[in-house]
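>>> Test case, fold it:
(chains A and B)
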Protein chains: 2
Amino acid sequence: MNGMEIDQFYMGLAIEEAQKAAAKGEVPIGAVIVHQDQVIARAHNLRETTQNAVTHAELLAIQEACRHLGNWRLEDTKIYVTLEPCPMCAGAILQSRIPHVIYGARDAKAGSVDSLYRLLNDERFNHQCQVTENVLADECGQLLTQFFRNLREIKKQKRKTHL
Amino acid sequence: MNGMEIDQFYMGLAIEEAQKAAAKGEVPIGAVIVHQDQVIARAHNLRETTQNAVTHAELLAIQEACRHLGNWRLEDTKIYVTLEPCPMCAGAILQSRIPHVIYGARDAKAGSVDSLYRLLNDERFNHQCQVTENVLADECGQLLTQFFRNLREIKKQKRKTHL
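Numbering: from 1, shown residues only, chains lettered A, B, ... in the order given. Reported below is the predicted structural model:
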């Protein structure tokens, strides 16, 4: 496989994670961390299930990877995430020194890697990342669009039932 | 107690947390979350102890507060933290919808509330916070200065021993 095919393969695993989130009624975002060609963490957004504000896919995957490597420094790793990280998750990527971030769709509302801020490429911080965007972006974005469309449909049906 | 005295009282508790971190060889930063005049979470930086990159004082306190309230939305709360939050922690404050952040010393290297970014007052995000800075800032900053001074001294002694 070439570089692009490898990225698409791992993003496919992140999409599988996002689908698990959707099945639980969670906003479908998934993340996978790869260390030397081995998947060491996979996670999906669990904010509603856990009622814990910081259980975004990336935060959960980063913690799993730290446990796996027994180190807070995630050297030699890549994180694949279906949606552009928010400030919290971009900050966690800086804190854990992940060298390379690959994401699917942009997030115009909170994305802090390219859209609203470029937190991963600020030379004032003690870490910067290589960033690859737009990997299976349509599939990643479509999952979110479909999720919110279903949610609106369910709400509409509920309103009708209560009339 | 007036507003300033109340802020100093809770910041005193955050400083006690920071001192617990220093006693463990951790960078001394502490945080406390108050809900309707009651302390519901207190935590200190544990990055080296846990080898988990996201175990900053604020992240730990936010998770404890979510568990306490059984809700990812920390409405009606205030977070007191000895040092200006980094992007990850400022982002977690946004995610958990904390309405008011009170911090001690500024962080010129990574502070993302006033120093490098103003993440808590960006109207493009779906949450903004009231921010109070400079509460017991000298005490908060002094803890850090002393910690790094001791660290350098220990390293110097070690080098001498190995000569």
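>>> residues in contact with the helix or strand A:Arg159 falls within?
Here A:Arg159 is covered by helix A:137-161, with elements defined by DSSP states H and E. Outside helix A:137-161, the residues that touch it by CB atoms under 8 Å, 6 or more residues apart in numbering or on different chains are A:11, A:14-15, A:18-19, A:22, A:27-29, A:82-83, A:103-106. For every residue, glycine as well, the C-beta is placed using N, CA and C.
>>> Could you give the separation of the helix or strand hosting A:Leu60 from the chain centroid?
Following DSSP H and E, the helix or strand that holds A:Leu60 is helix A:57-69. Computed by CA atoms, centre = their mean, to the nearest Å, the chain-centroid distance of helix A:57-69 equals 12 Å.
>>> per-residue confidence averaged over that helix?
Mean per-residue pLDDT for helix A:57-69: 98.
>>> Tell me which other helices or strands that helix touches.
Helices and strands touching helix A:57-69, by 3 or more CB pairs under 8 Å, 6 or more residues apart in numbering or on different chains; DSSP states H and E, are helix A:3-23, strand A:30-35, strand A:38-44, strand A:77-83, helix A:87-95.
>>> would TSV of these with distance to chain B, mean neighbour count and mean pLDDT be doable?
TSV is the format used below for those (distance: least, CB to the nearest CB, whole Å; neighbours: other CB atoms under 10 Å in any protein chain shown; pLDDT from 0 to 100):
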stretch	distance to chain B	mean neighbour count	mean pLDDT
helix A:3-23	15	17	97
strand A:30-35	12	25	98
strand A:38-44	12	20	98
strand A:77-83	11	28	98
helix A:87-95	3	28	98
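>>> now these in CSV, with distance to B:Glu58?
Shown next, in CSV, are the helices and strands packed on helix A:57-69 (distance: least, CB to CB, whole Å):
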stretch, distance to B:Glu58
helix A:3-23, 25
strand A:30-35, 21
strand A:38-44, 21
strand A:77-83, 22
helix A:87-95, 10
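>>> burial measure for A:Glu64, as a count.
17 (other CB atoms under 10 Å in any protein chain shown).
>>> Grab the nearest non-local neighbour of A:Glu59.
Rather than Glu, residue A:59 is Leu. A:Ala92 (5.6 Å; CB to CB, 6 or more residues apart in numbering or on different chains).
>>> what comes up buried for the helix holding A:Arg159?
For helix A:137-161, burial by neighbour count (16 or more other CB atoms under 10 Å in any protein chain shown) applies to A:137, A:139-141, A:143-144, A:147.
>>> what pLDDT, on average, does that helix get?
Here the average pLDDT along helix A:137-161 is 94.
>>> and which of the buried residues of helix A:137-161 is nearest B:Val113?
Lowest distance from B:Val113 to those (CB to CB) belongs to A:Leu144, with 29.2 Å.
>>> Would you mind measuring from that closest one to chain B?
Between A:Leu144 and chain B the computed distance is 16 Å (CB to the nearest CB, to the nearest Å).
>>> now A:Val135
From A:Val135 over to chain B (counting by CB to the nearest CB), the distance is 23 Å.
>>> so is that residue in a helix, a strand, or just coil?
coil (DSSP: H, G, I helix; E, B strand; the rest coil).
>>> for it, what are its contacts?
A:4, A:7-8, A:11, A:80, A:102-104.
>>> any idea which of the residues you listed is closest to A:Ala41?
A:Ala41 lies nearest to A:Tyr80 out of these, by CB to CB, at 10.4 Å.
>>> got the contact list for that closest one?
Per CB under 8 Å, 6+ apart, neighbours of A:Tyr80: A:7, A:10-11, A:13-14, A:31-34, A:102-103, A:135.
>>> These into TSV, with extra columns for distance to A:Trp72?
What follows is these, written out as TSV (distance: CB to CB, whole Å):
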residue	distance to A:Trp72
A:Asp7	26
A:Tyr10	22
A:Met11	25
A:Leu13	24
A:Ala14	22
A:Ala31	17
A:Val32	19
A:Ile33	13
A:Val34	18
A:Ile102	21
A:Tyr103	22
A:Val135	27
